[in-house]
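Participant: only geometry, no sequence info:
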């Protein structure tokens, strides 16, 4: 069985950057709008992701790690 993936994302809400941390190595992070469009996919450098180019709103985060999504 696969261990539960533990992921921390902060601050929430965010203005300029979000920080993402995981027990597994993060390969890519996708930010997805509520209508299902992928707005950006990035390789986070030290877990920091620039979100200053996104409008205020609610987004989904999909993280790909060495253990899966």
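Facilitator: Perfect, thanks for sending it. Computed from a predicted model, the values in this text were never measured in an experiment. Residues are numbered from 1 along each chain as shown.
Participant: burial check on residue 18, number of neighbours?
Facilitator: 22 (other CB atoms under 10 Å). C-beta here means a position set from N, CA and C on the backbone, and glycine is covered the same way.
Participant: please, which helix or strand holds it?
Facilitator: Assigned by DSSP states H and E, residue 18 falls within strand 17-22.
Participant: what's the next secondary structure element after that strand?
Facilitator: strand 26-33.
Participant: quick one: mean pLDDT over the strand holding residue 18.
Facilitator: On average, the pLDDT along strand 17-22 is 92.
Participant: likewise for stretch 34-46?
Facilitator: 93.
Participant: ok, and what's touching that stretch?
Facilitator: 20, 26-33, 49, 53-54, 57-60 (CB atoms under 8 Å, 6 or more residues apart in numbering).
Participant: show me the two of those residues that sit farthest apart.
Facilitator: 27 and 57 (25.3 Å; CB to CB).
Participant: identify the residue spatially nearest to residue 24, adjacent ones excluded.
Facilitator: Spatial nearest neighbour of residue 24, chain neighbours left out: residue 65 (3.8 Å); criterion: CB to CB, 6 or more residues apart in numbering.
Participant: which residues touch residue 6?
Facilitator: 22-23.
Participant: quick revisit: within the sheet, what are the partner strands of the strand holding residue 18, with directions?
Facilitator: Take DSSP bridges as the rule and strand 17-22 pairs in its sheet with strand 7-10 (antiparallel), strand 48-50 (antiparallel).
Participant: one step back: residue 27 and residue 57: which has the busier surroundings?
Facilitator: Shown here are residue 27 and residue 57; by other CB under 10 Å, residue 27 has more neighbours (12 against 8).
Participant: who are the contact partners of that one?
Facilitator: Going by CB under 8 Å, 6+ apart, residue 27 touches 43, 64-66.
Participant: kindly report the same for residue 22.
Facilitator: Contacts of residue 22 (CB under 8 Å, 6+ apart): 5-8, 63, 65.
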